[in-house]
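Novice: Coordinates for the following, if possible.
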Amino acid sequence: MNILVVGGDGLIGKAVSDYIVKTEEELGVIVTTTRRKTSVPCSTIAYLDLLKPEDFSIERKFHFAFLCAGINGFEACEGNRLSWRANVDGIIDIAMRLIEDQAFVVYPSTQAVEWSNSSYARQRAQVEAVLLATREAAIVRIGRVNAQNSWSCGRALMQTALMRKPGVYYWEDNNVRSDALRFVAKRS
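Specialist: Okay, here's the model as predicted:
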């Protein structure tokens, strides 16, 4: 089984990659993407710039794809013309090509899509709508992720992929303790 982690050197993408590498070795090849000149602790690294997604060639069949890359955060997206191109156009371009090639897509989003009118939340909501319409993707609306709870977030994203059920799911960390983390599915 081949897995693609788009944004494998970011906090969430690295958590997914690390979880897979350490617990699911029999799954097969893990490919991570980055636009940075850093090393990612995975078997294969590919360059991807979400502002130029057409330059990214998908050279193998992936069973699962985690779309963790983008310009993240309210402040980073507000007034940033490039954030829509990367976070919406770039992610949707990659997602649609992967889905067309039979991959099941997991998209970490934000719970802010439910209450915020920020650029960041609107961008995430737009991607969610497009992916949900395909019926080949799961959206995981994440509360707050930090270095202390990212491993559990990575685990929850992988568990979502393995269920292979389209829909919207929630991951929350109320106590920032690994034994208190909750992964709750919302009925669509």
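Novice: Might you report the residue contacts of the closest residue to residue 79 other than its chain neighbours?
Specialist: Spatial nearest neighbour of residue 79, chain neighbours left out: residue 119 (7.5 Å); criterion: Cβ to Cβ, 6 or more residues apart in numbering. Placement of C-beta: from N, CA and C, glycine included. Contacts for residue 119 (Cβ atoms under 8 Å, 6 or more residues apart in numbering) come out as 74, 77, 78, 79, 80, 83, 84.
Novice: Not counting sequence-adjacent ones, nearest residue to the fifth one?
Specialist: What sits nearest to residue 80 in space, not counting adjacent residues and going by Cβ to Cβ, 6+ apart, is residue 71, at 6.5 Å.
Novice: a helix runs through that neighbour, doesn't it?
Specialist: No: going by DSSP: H, G, I helix; E, B strand; the rest coil, the assignment for residue 71 is coil, not a helix.
Novice: ok, it - contacts?
Specialist: Contacts of residue 71 by Cβ under 8 Å, 6+ apart are 77, 80, 82, 83, 86, 87.
Novice: The longest helix anywhere in the chain - what's its average pLDDT?
Specialist: Scanning the chain for the helix with the most residues, using DSSP state H, yields helix 119-134. For helix 119-134, mean pLDDT is 97.
Novice: just use 8 as the starting number from now, easier for me
Specialist: Fine by me, first position is 8 from now on; the one you just mentioned is helix 126-141.
Novice: what does the following helix or strand past that helix contact?
Specialist: Sequence order places strand 144-149 as the next helix or strand after helix 126-141, per DSSP states H and E. Here strand 144-149 makes contact (Cβ under 8 Å, 6+ apart) with 19, 102, 106, 111-118, 120-121, 135, 138-139, 160, 163-164, 167-168, 170, 172-178.
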